[in-house]
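In: Structure for this input, please:
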Amino acid sequence: MSKFRDKLPPDGFSVEGISLTDLEEIEGRLPRNGIIDINIAESGLVCTLEGQNLCQEIIVQLDTYIGRLESEKNMAWSEAALNKSKTLGHKTIKDKEWYAQSDDAYVGAYNKLTMAKACKKWFENKAGYFSGWHYAFKTFLRRDYSIENATSLNVVRYNDSGGGKLPTASPEVNDKDDDWGEVSWE
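Out: Okay, the predicted model is just below:
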């Protein structure tokens, strides 16, 4: 049985190390020319759900990673403002803040955080892309199935054998009690 901690990013996690191979493979199964038939739409529903699920799993990892990076950024700023700036002789609060914002450790942590947020946004957009395709496939199939159902009802009417009533197993239909032309079993 897997645990939730198995879904969280490992200690050596980095944005640059996220594999896009599975997403590219799923994206490759979607139509390129806009022509959709029932088979493409049905398989596309499954593909788009796979893509959305994969994006959502990565987004959870990125959220956790972003939280860690926020902590690292805050720690780097605090270290620079409280300790490093004192050793360099900065005495006023404003001087310490300015120094902390230009400290290499702080800038590095801030850049990693910015990259992680951009990566999360990319995966959110990709999940939206799959969601849009999913909606298009569902709409196509809903229309296609409704046309199919409507035509199957017309086939019954086409074979109608008399007076607006459906053919029955027995020649006698009880018109007085039942307006729908059902067979009288009496």
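In: Tell me how far the residue most central in space within the chain lies from residue 129.
Out: Residue closest to the average C-alpha location in the chain (CA atoms, centre = their mean): residue 52, at 3.1 Å. For residue 52, the distance to residue 129 (CB to CB, to the nearest Å) stands at 9 Å. Heads up, the C-betas are built off the backbone N, CA and C, glycines and all.
In: Okay, and the residue nearest to the centre of the chain sits in which element?
Out: helix 38-79 (DSSP states H and E).
In: From residue 51, how far out is residue 40?
Out: 15 Å.
In: what do you get for residue 43?
Out: Distance from residue 43 to residue 51, by CB to CB: 13 Å.
In: Pass me the low-pLDDT residue ranges in the protein, would you?
Out: Applying pLDDT under 70 to the chain picks out residues 145-186.
In: from the chain's centre, how far out does the helix ranked longest in it sit?
Out: Taking DSSP state H as the criterion, the chain has its longest helix at helix 104-158. How far helix 104-158 lies from its chain's middle: 6 Å, per CA atoms, centre = their mean, to the nearest Å.
In: and the helix holding residue 52 with helix 104-158, angle?
Out: Helix 38-79 runs at 160 degrees relative to helix 104-158, counting by axes from the mean of the first three to the mean of the last three CA atoms, to 10 degrees.
In: what packs against helix 38-79?
Out: Judged by 3 or more CB pairs under 8 Å, 6 or more residues apart in numbering; DSSP states H and E, the packing partners of helix 38-79 are helix 21-28, helix 93-102, helix 104-158.
In: again, 7 Å this time
Out: helix 21-28, helix 104-158 (3 or more CB pairs under 7 Å, 6 or more residues apart in numbering; DSSP states H and E).
In: tell me the angle the last one makes with helix 21-28.
Out: Just to be clear, that refers to helix 104-158. Using the same axes, to 10 degrees: helix 104-158 against helix 21-28 is 30 degrees.
In: got the angle between helix 104-158 and helix 93-102?
Out: Relative orientation of helix 104-158 and helix 93-102, computed by the same axes, to 10 degrees: 60 degrees.
In: now the first one
Out: Helix 21-28 and helix 93-102 meet at an angle of 70 degrees, taking the same axes, to 10 degrees as the criterion.
In: that older thread, adding mean neighbour count, write the helices and strands packed on helix 38-79 out as CSV.
Out: Shown next, in CSV, are the helices and strands packed on helix 38-79 (neighbours: other CB atoms under 10 Å):
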stretch, mean neighbour count
helix 21-28, 13
helix 104-158, 14
